[in-house]
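A.B. asks: With the sequence up front, the predicted model follows.
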Amino acid sequence: MFPPPFRPMLLTDSHCHFDFAAFDDDRPGHWQRARALGVHRLVIPGVEEAQWPRLPLLCRSLPGLYYALGLHPWCVARAADDWQQQLVQALDQADSRCIALGEMGLDGAIELPMARQEEVLLVQLRLARERELPVILHSHKAHDRLLKWLRRYPPGGGVVHGFSGSLQQAEAFWQLGIHLGVGGTITYPRASKTRRALASMPVEALVLETDAPDMPLCGFQGQPNHPVRLPLVLASLAELRRQEQGILAVQLERNVSRLFGWS
């Protein structure tokens with residue numbers, strides 16, 4: 001008998017910078033490769049003003065692509081004085097593929113004063129509440145500070161992408177309805193704190209991501225990351241949680257669909 005046809009599990013890459021130059025050589029081909037492995041949806045976060053008008057055009061050009069609009073803390077220093085007005089205008093003109101506000105957040109490892117980062121964050125948190133959109137959060141060496149502001153201005157759901165932290169911090173985010181983005185970090189044995197946290201959290205709190213072309217998986221250091229590696233993140237998570245991959249994949253799809261309003 002012939003073997004049954006290969007049917008990959010359906011997966012969503014909840015955070016992928018697919019508009020970055022690493023994919024410029026053949027973006028349709030890159031997406032076709034990912035879809036062949038079951039990655040049927042992908043969310044492109046916004047990071048700065050120049051990118052915002054381009055994202056709707058890109059997401060209309062290929063099936064299964066969605067986007068968010070936001071100002072990343074790394075981009076705040078070079079943002080125009082009227083960035084807030086530009087963001088409001090981009091949101092006003094957005095189509096149904098715009099499913100979140102972000103990437104926004106705090107980063108304790110950059111020179112930009114934290115007070116300025118928090119000012120920009122709060123503008124976006126308020127906008128997300130007004131527009132009833134979930135948020136995509138960047139948090140690096142700033143979990144506890146970010147949690148403080150999320151408690152004061154709770155969004156209607158969201159995800160802290162590329163989560164790397166303790167079980168206590170993971171639980172604090174989830175108590176606020178903020179999902180945890182599970183990416184390449186868990187493929188490194190040395191990331192024991194994060195691996196333990198994500199193994200212990202309720203499965204309903206988790207969504208998958210690559211952060212491609214960043215956050216390379218263990219074994220792929222020095223190479224641009226790619227959405228084709230999302231099934232490897234799933235495999236690592238299933239091993240950590242001692243769950244069957246197919247069952248885990250179904251639950252993770254429910255989670256991300258609920259998060260971004262696809263269900």
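C.D. replies: Alright, I've got the coordinates.

A.B. asks: What lies in contact with the strand or helix carrying Leu42?
C.D. replies: Leu42 is part of strand 39-44 when elements are defined by DSSP states H and E. In this structure, residues lying in contact with strand 39-44 by C-beta atoms under 8 Å, 6 or more residues apart in numbering are 10-19, 31, 34, 55, 58-59, 64-68, 99-100, 136, 227-228, 230-231, 256, 260, 262. Just so you know, the C-beta spots here come from the backbone N, C-alpha and C atoms, and that holds for glycine as well.

A.B. asks: Just the buried ones among these, please.
C.D. replies: With burial judged by 16 or more other C-beta atoms under 10 Å, the buried subset of these is 11-19, 31, 34, 55, 58-59, 65-68, 99-100, 136, 227-228, 230-231, 256, 260.

A.B. asks: Mark which of the residues you listed are part of helices, please.
C.D. replies: Under the assignment DSSP state H, the buried ones among the contacts of strand 39-44 contribute Trp31, Ala34, Leu55, Leu58, Cys59, Leu230, Pro231, Val256 to helices.

A.B. asks: Neighbours of Ser61, how many?
C.D. replies: Using other C-beta atoms under 10 Å, Ser61 is surrounded by 11 other residues.

A.B. asks: per-residue pLDDT, it?
C.D. replies: pLDDT recorded at Ser61 is 97.

A.B. asks: Next up, the contacts around it.
C.D. replies: Contacts for Ser61 (C-beta under 8 Å, 6+ apart) come out as none.

A.B. asks: Among the contacts of strand 39-44, which ones are in strands?
C.D. replies: Leu11, Thr12, Asp13, Leu65, Tyr66, Tyr67, Ala68, Ile99, Ala100, Ile136 (DSSP state E).

A.B. asks: how about CSV for these, with pLDDT and distance to Leu180 added?
C.D. replies: Below are those laid out as CSV (pLDDT from 0 to 100; distance: C-beta to C-beta, whole Å):
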residue, pLDDT, distance to Leu180
Leu11, 98, 16
Thr12, 98, 15
Asp13, 98, 15
Leu65, 98, 23
Tyr66, 98, 19
Tyr67, 98, 21
Ala68, 98, 17
Ile99, 98, 18
Ala100, 98, 15
Ile136, 98, 12
